[in-house]
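> next comes the sequence, and after it the predicted model I'd like to discuss.
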Amino acid sequence: MLRSITTVFVLAAALPAAAESLNHTTGTQGVLLIDKLGGHVRFLDPTSLSERSNLELPKNPHDFALSADHRFAYVPIYGPGIYGRNPEPGHELYVLDLPQQKVAKVIDLAPYRSPHGVQIDARGMLYVTAELERKILVIDPAAGRIVAAIDHEGSGHWLAVLPDGSKAYVANKDDKLFLSVLDLAARKQIGTVPMPRGTQGVTASPDGTRIIAMDLARPELAVIDTATDKVLERIALAATTEPAYKAYYSPDGKWLLTMAGSSIGIFDAANLRAPQRTLKVGASPMGIGFSPDGKTALVANHGDGTVSVVDIATAAVTKTFKAGTGIETLTYY
């Protein structure tokens, strides 16, 4: 009996706490950049931000998820096209060994194509959008295989998985004018959240109580209550006329950073109606990574191949450096 109890405690300790959000990453080992336009992943020193090494991948990597122990990064290969026009769609998921900065293995997702958004749950299961087949793939990376394919009504581009792994919210851009809501235990769509002009990025708060969805046509975000799947309010982004694009919560849940055009908005996550702070960064920002101390944000400027280093407290760019051809996403790990 004692051995059984000990085993249970060991297994429980190996799993992250239910409240921990594995999709809001940071760390001290290094910085991972997904250079979409350059067809590379790049590894930077977390202090100097100089490049340590890089790996060439098939075109084009877009997004990533990290394992709970930050041993592995999971990078889908979308293909050389763009949303709605991807004539040579990819069908692989690359598993990268972060300490060794090399490819550990490649998981073939065929017959599913155009994998793009990726999230992870506390048991290490991956959820990947398969845009052309209108599925969300459930992948066991340890086994290297797809264990389920969830049907949903939209094309699917990005998605947000709640920290407890109960639900996922899928952004369908202008294919369907709603977010698809998925029950991940039942592996089925259970509802929709109206987004009358379509949806760009989507993210879950680290505590799992809110979803932020970015309006495809306006500089506006929708705040969604995950208990009811109802829109609580819509908030305009300040100092921009460009459509909203993506949003990122800091891992500590203190800040929400948004992007539209070449502007970054900084929100107090506890009071999204408080005055926003805005600043200009590089061309077409797409990704944001947060330092472990929560003081610095790295902004990936997809349009000019640079990264902006932002001091969050002062809302100021302290440094800009070249980092490949066009970075879409990045993170400290």
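The structure has been received and is ready for your questions.
> secondary structure element for residue 227?
Using DSSP states H and E, no element contains residue 227; it sits outside every helix and strand.
> ok, now which ones touch it?
Residues in contact with residue 227 (C-beta atoms under 8 Å, 6 or more residues apart in numbering) are residue 209. C-beta coordinates here come from the backbone N, C-alpha and C atoms, glycine included.
> and residue 202, by the same measure?
Taking C-beta under 8 Å, 6+ apart as the contact definition, residue 202 lies against 158-160, 169-171, 179, 211-214.
> let's see 7 Å
Residues near residue 202 by C-beta atoms under 7 Å, 6 or more residues apart in numbering: 158-160, 169, 171, 179, 211, 213.
> go on, residue 183?
Residues in contact with residue 183 (C-beta under 7 Å, 6+ apart) are 167, 190.
> if it is in a bridge, with which residues?
With DSSP bridges applied, residue 183 shows beta-bridge pairing to residue 167, residue 188.
> then residue 259?
Here residue 259 sits in beta bridges with residue 246, residue 264, going by DSSP bridges.
> okay but it is in contact with residue 285, surely?
Yes. Between residue 259 and residue 285 there is a contact under C-beta atoms under 7 Å: 4.6 Å.
> need the overlap of contacts for the two.
Shared contacts of residue 259 and residue 285 (C-beta under 7 Å, 6+ apart): none.
> all strands of the stretch 201-333 of the chain, in order?
In the stretch 201-333 of the chain, the strands defined using DSSP state E, counting those that start in this stretch lie at 210-215, 220-225, 230-236, 246-249, 255-260, 263-268, 277-280, 285-290, 296-301, 306-311, 316-322, 327-332.
> turn the ones you listed into a markdown table, including mean pLDDT and distance to residue 116.
As requested, these are exported to a markdown table (pLDDT from 0 to 100; distance: least, C-beta to C-beta, whole Å):
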| stretch | mean pLDDT | distance to residue 116 |
| --- | --- | --- |
| strand 210-215 | 98 | 16 |
| strand 220-225 | 98 | 21 |
| strand 230-236 | 98 | 24 |
| strand 246-249 | 98 | 13 |
| strand 255-260 | 98 | 18 |
| strand 263-268 | 97 | 23 |
| strand 277-280 | 98 | 28 |
| strand 285-290 | 97 | 13 |
| strand 296-301 | 98 | 16 |
| strand 306-311 | 98 | 22 |
| strand 316-322 | 98 | 26 |
| strand 327-332 | 97 | 10 |
